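need a structure here:
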Amino acid sequence: MPDHTSAVPQYTFADTLAEQEAQLQDNSLLQQFRTTRIARADDPFRPHYHFYNPHGRLNDPNGLCYWQDRWHLFYQAFPPEDPRPHWGHAISDDLVHWRDLPYCIYPDPERCCYSGATLVEEDRVIAMYHGTEVGNMVATSSDPLLLNWKKVADKAVIPIEADQPYRVFDPCIWKEGDTYYSLSAGTKPEGPAGKPIRANYLFKSTDLEHWSYLHPFIEDDAYTLVGDDGACPYFWPIGDRHILLFYSHMSGGQYLLGDYDTQREKFVVTHGAKFNFGASGPSGVHAPSATPDGEGGVIVIFNMNPGK
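As a prediction, this is how the structure comes out:
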């Protein structure tokens with residue numbers, strides 16, 4: 001297997017908040033971030049309200065969650081030293097003012113750390129994401145600022161394999177009782193004239209390492225178009241219903257609303273709509289990252305495709 005070790009410096013942090021804050025004061029990467037933000041202060045195109053990354057390109061937001069009294073936003077970052085996607089990281093008290101933290105998930109054994117989601121448990125946060133060329137990965141963290149992450153099994157827990165009835169792509173994750181569930185995004189070729197249509201494939205596990213494939217998850221979807229795909233899925237309860245947010249590379253950000261049949265482990269769609277009018281770009285609402293707000297609702301952060 002190729003060595004995909006990142007060229008970006010990687011740090012190990014203490015386990016208490018006070019020690020972590022002290023280490024961050026002198027962290028060389030954060031010092032670079034501060035210098036870059038100061039240099040961009042007069043850029044007329046710099047967003048003043050929305051979060052933007054300190055270095056390199058910015059792609060999908062990932063794994064928005066609330067952990068130990070702070071909002072955590074992860075995102076696909078492209079460090080100048082090694083411009084492959086790593087998971088960038090920022091925290092906030094109010095979802096408006098953001099503070100940079102060091103990169104948190106680095107490539108290897110995967111070539112790139114692409115889109116995924118998080119699940120907050122009582123004693124830890126679980127990240128599930130797509131590791132290019134190997135499959136879907138799981139990593140966990142339990143420290144105060146989610147600075148230290150450990151990959152489950154140090155390999156893809158849902159590997160890319162030939163001749164399977166599913167596609168391994170952007171995942172999300174949730175839990176019911178003692179069982180974890182995950183959707184893997186993608187398409188299936190059974191659309192009109194053999195064109196692809198949106199598909200999201202359901203898996204389950206009891207230990208995060210060993211996953212069993214179940215079936216395509218969504219029924220009665222009359223809302224997505226032929227050619228749409230189901231990238232960046234987030235499946236959460238909303239009120240007494242459920243919502244699936246996702247991104248189509250053709251049509252932009254979308255959602256499906258419906259009922260979760262837990263006996264058949266299927267999502268039965270009753271409504272759907274777009275967050276985006278027209279194509280995905282320019283200026284399209286891009287990948288969603290969503291999390292429950294603790295009051296029956298869902299909070300979503302999107303990436304905005306450029307339209308200068």
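
Off-centre distance for the helix or strand containing Leu244?
Here Leu244 sits within strand 241-248, counting by DSSP states H and E. Centroid separation for strand 241-248 versus its chain: 13 Å, with CA atoms, centre = their mean, to the nearest Å.

can you pull the buried residues of stretch 197-214?
Ile197, Arg198, Ala199, Asn200, Tyr201, Leu202, Phe203, Lys204, Ser205, Leu208, Trp211 (16 or more other CB atoms under 10 Å). From N, CA and C alone the C-beta is placed, and that goes for glycine too.

Skipping its backbone neighbours, what lies nearest the first one in space?
Looking back up the chat, that one is Ile197. Closest residue to Ile197 apart from its sequence neighbours, by CB to CB, 6 or more residues apart in numbering: Gly191 at 3.8 Å.

Tell me if I'm right that that neighbour and Arg198 touch.
No - using CB atoms under 8 Å, Gly191 is not in contact with Arg198, being 9.1 Å away.

which intervals of this protein have sub-threshold pLDDT?
Across the chain, residues meeting the criterion (pLDDT under 70) sit at 308.

Grab the longest helix from it for me.
Longest helix in the chain, counting residues (DSSP state H): helix 28-39.

farthest residue from the center of the protein?
Ala193 (31.9 Å; CA atoms, centre = their mean).

Show me what the helix or strand that the strand holding Leu244 is followed by packs onto, helices and strands only.
Following strand 241-248 in sequence order, the next helix or strand is strand 252-261 (DSSP H and E). With contacts defined as 3 or more CB pairs under 8 Å, 6 or more residues apart in numbering; DSSP states H and E, the packing partners of strand 252-261 are strand 241-248, strand 266-274, strand 285-292.

follow-up on the earlier one: which other residues reach the strand holding Leu244?
Here strand 241-248 makes contact (CB atoms under 8 Å, 6 or more residues apart in numbering) with 60, 183, 185, 198, 200, 218, 224-225, 227-237, 253-260, 267, 270, 280, 286-288, 290, 298, 300.

May I have the strands that pair with it, each with its orientation?
strand 231-238 (antiparallel), strand 252-261 (antiparallel) (DSSP bridges).

Would you format those as TSV with mean neighbour count and distance to Glu121 included?
Below are those laid out as TSV (neighbours: other CB atoms under 10 Å; distance: least, CB to CB, whole Å):
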stretch	mean neighbour count	distance to Glu121
strand 231-238	22	15
strand 252-261	20	20
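
Any chance of CSV for the ones you listed, columns distance to Ala153?
Formatted as CSV, the strands paired with strand 241-248 follow (distance: least, CB to CB, whole Å):
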stretch, distance to Ala153
strand 231-238, 23
strand 252-261, 29
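
Where do the helices of the chain begin and end?
So, for the chain - with DSSP H - the helices run 17-25, 28-39.

Rebuild the ones you listed as JSON lines, extending it with mean neighbour count and distance to Ala117.
Shown next, in JSON lines, are the helices of the chain (neighbours: other CB under 10 Å; distance: least, CB to CB, whole Å):
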{"stretch": "helix 17-25", "mean neighbour count": "13", "distance to Ala117": "24"}
{"stretch": "helix 28-39", "mean neighbour count": "14", "distance to Ala117": "25"}
